[in-house]
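Student: return a 3D structure for these sequence lines:
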Amino acid sequence: MKARTIGTRTVSAIGLGGMPMSIEGRPDEARSIATVHAALDAGVTLVDTADAYHLHAGEVGHNEELIARALRSWGGDASAVLVATKGGHLRPGDGSWTQDGRPEHLKQAARESARRLGVEAIGLYQFHRPDPAVPYAESVGALAELLDEGVIVQAGISNASTAQIDEANEVLDGRLASVQNQFSPAYRSSLVELEHCASLGVAFLPWSPLGGIRRAGEVGTAHAAFGRVAERHGVSPQQVTLAWELALAPVVVPIPGASRPASIEDSARAVDLVLSADELAELSGS
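Tutor: Next comes the predicted model:
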């Protein structure tokens, strides 16, 4: 599979988002493990998770533990896989989301994530979402300390503005490895952050790159241009969407969520889909 760079790590150009395997509507564990294995067998070497990817209040870290079990049971070289996790976003268990960006929370959360993942140091740890009650520099400062202490190997941020990207990179002394923001045909307002990351050489990881769990299957009808181009190439609209995002900048690494082997296998094939300049213009203008 074609490769991209996140900080000092080379990874596949398409990653796997683990969230659908642990929240509402999640499949049984056997299918989830099969989905992760299918991704790895297809050449995916970036797996995205978070301690908040769980359904019930008492199962914080459900997805991290699931990913760890899948990696242990896979027959390939799991050391080549970069597992990216996040902290600072919480699910109390009632369907809502809250934030906790206090440095003490993030430092403890990172250590607990490392334990669940079964690693001495987390390959990529990202501050999940800004906490309005905590100065941003203090939250990111916790990641700088985690880097210096060797708890994490690389640091990133998520759901960040361009100003926060610059602030984070300054606090981290130029060590910001990634920015994970929502981006899809339905949600293009973060194009400015994508382009800013490209100018800095920082990896940009679109979350919900197909429009979200409930809308991913409709991307070709909700956005007709993607359906037309897909029909032209004889591929799925989802492949066209991911190929379009990859073409926007060499720092883009989409992380489509999946809960079925067939879904991530289809997504992985997007790296081989070549779109013409006219097609890219058609998609960007749609």
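Student: could you list the paired strands of the least confident helix or strand in the chain by mean pLDDT along with their orientation?
Tutor: Scoring the helices and strands of the chain by mean pLDDT, DSSP states H and E places strand 89-90 at the bottom, with a mean of 90. When pairs are called by DSSP bridges, strand 89-90 turns out to pair with strand 98-99 (antiparallel).
Student: other SSEs contacting the helix or strand just after the strand it pairs with?
Tutor: Later in the chain than strand 98-99, the nearest helix or strand by DSSP states H and E is helix 103-117. On a contact count with 3 or more Cβ pairs under 8 Å, 6 or more residues apart in numbering; DSSP states H and E, helix 103-117 meets helix 62-73, strand 82-87, strand 124-127, helix 136-149. All C-beta spots, glycine's among them, are computed from the backbone N, C-alpha and C.
Student: turn the ones you listed into a markdown table, including distance to residue 285 and mean neighbour count.
Tutor: As requested, these are exported to a markdown table (distance: least, Cβ to Cβ, whole Å; neighbours: other Cβ atoms under 10 Å):
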| stretch | distance to residue 285 | mean neighbour count |
| --- | --- | --- |
| helix 62-73 | 36 | 21 |
| strand 82-87 | 32 | 27 |
| strand 124-127 | 31 | 27 |
| helix 136-149 | 34 | 19 |
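Student: got the contact list for the least confident helix or strand of the chain?
Tutor: 50, 52, 97, 98, 99, 100, 128, 129 (Cβ atoms under 8 Å, 6 or more residues apart in numbering).
Student: hang on, the earlier thing: let me have the helices and strands packed on helix 103-117 in JSON lines, extended by mean pLDDT and distance to residue 258.
Tutor: What follows is the helices and strands packed on helix 103-117, written out as JSON lines (pLDDT from 0 to 100; distance: least, Cβ to Cβ, whole Å):
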{"stretch": "helix 62-73", "mean pLDDT": "98", "distance to residue 258": "12"}
{"stretch": "strand 82-87", "mean pLDDT": "98", "distance to residue 258": "15"}
{"stretch": "strand 124-127", "mean pLDDT": "98", "distance to residue 258": "19"}
{"stretch": "helix 136-149", "mean pLDDT": "98", "distance to residue 258": "28"}
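Student: of all those, which lies closest to residue 170?
Tutor: Residue 170 lies closest, by Cβ to Cβ, to one member of the helices and strands packed on helix 103-117: helix 136-149, at 8.3 Å.
Student: which strands and helices sit next to that closest one?
Tutor: Using 3+ Cβ pairs under 8 Å, 6+ apart as the test, helix 136-149 ends up in contact with helix 103-117, strand 124-127, strand 155-158, helix 162-171.
Student: mind checking which of the contacts of strand 89-90 are buried?
Tutor: Buried by 16 or more other Cβ atoms under 10 Å: 50, 52, 99, 100, 128, 129, out of these.
Student: picking up where we left off before, in TSV, list the helices and strands packed on helix 103-117 along with distance to residue 20.
Tutor: Converted to TSV, the helices and strands packed on helix 103-117 look like this (distance: least, Cβ to Cβ, whole Å):
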stretch	distance to residue 20
helix 62-73	9
strand 82-87	16
strand 124-127	18
helix 136-149	26
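Student: so what's residue 262 closest to, chain neighbours aside?
Tutor: Nearest non-adjacent residue to residue 262, counting by Cβ to Cβ, 6 or more residues apart in numbering: residue 38, 7.9 Å away.
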